[in-house]
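K.L.:
Generate a structure from the sequence data that follows.
(2 chains)
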Amino acid sequence: AQSVTQPDIHITVSEGASLELRCNYSYGATPYLFWYVQSPGQGLQLLLKYFSGDTLVQGIKGFEAEFKRSQSSFNLRKPSVHWSDAAEYFCAVVGEDGQGGKLIFGQGTELSVKP
Amino acid sequence: GAGVSQSPRYKVAKRGQDVALRCDPISGHVSLFWYQQALGQGPEFLTYFQNEAQLDKSGLPSDRFFAERPEGSVSTLKIQRTQQEDSAVYLCASSTRLAGGIRHEQFFGPGTRLTVL
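P.N.:
Below you'll find the model as predicted:
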């Protein structure tokens, strides 16, 4: 069965520093991968997605992610973190056995930003 | 236009009570999903509708959970005889869907936080 693992439950970075959030997936075929961000009391907002093609994808708010099939990873990166980036980040993959594109999420990584 | 809306935003229920959670998807979105997000966890899939048809309910944790979307727009998630383990945030998402359209972004509502005492 498909699964998504986010090894880091909580990460703290200084404002202006670079960021990398890890995501590993288990999937039988070519995965469709997503990163979502969730601010307190808010719904999930899509940051970026990977379906095929270029393995480096650009998203909103200056985020990017790189798909590495050999490592079964889809890590999220940002070169310079802003205080407003503090939130919960979820990696997700589309379930291959369901219809309509149900998402399978990782546990999430909480990002704190130090001034 | 407006995004996905959910009501109520917060619900407190006594154990054993029935609750109904409402989701208003984005107008014209044919696909609708429900997810359950326990504290400190990622969302977990509950059920999926395409228009009024419930095509996948494999994630519903028990027969106390029931979802409907009778006219293909608004959806209601009903939980009967609530238990403490049902306490979670219930998220609704909608998306457009074309044939084979699993690539379409799901737009999430703010969720309903259910607390069962």
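
K.L.:
Just give the nearest non-adjacent residue to residue 6, would you?
P.N.:
All of this refers to chain A. Nearest residue to A:Gln6, sequence neighbours excluded (C-beta to C-beta, 6 or more residues apart in numbering or on different chains): A:Gly106, at 3.8 Å. In this view, the C-beta of every residue, glycine as well, is placed from N, C-alpha and C.

K.L.:
Chain B, not that one
P.N.:
Using C-beta to C-beta, 6+ apart, the nearest residue to B:Gln6 is B:Gly109, at 4.1 Å.

K.L.:
Could you report the distance from that neighbour to A:Gln2?
P.N.:
Separation of B:Gly109 from A:Gln2 (C-beta to C-beta, to the nearest Å): 24 Å.

K.L.:
A:Val57 now?
P.N.:
Separation of A:Val57 from A:Gln2 (C-beta to C-beta): 20 Å.

K.L.:
What of B:Gly3?
P.N.:
Distance of B:Gly3 to A:Gln2, given as C-beta to C-beta: 28 Å.

K.L.:
Could you check which of those two has the larger neighbour count?
P.N.:
A:Gln2 (16 against 13; other C-beta atoms under 10 Å in any protein chain shown).

K.L.:
That one contacts A:Tyr27, doesn't it?
P.N.:
Yes. A:Gln2 lies in contact with A:Tyr27 (C-beta atoms under 8 Å); the separation is 5.1 Å.

K.L.:
for B:Ser5, what are its contacts?
P.N.:
Contacts for B:Ser5 (C-beta atoms under 8 Å, 6 or more residues apart in numbering or on different chains) come out as B:Cys23, B:Asp24, B:Gly109, B:Pro110.
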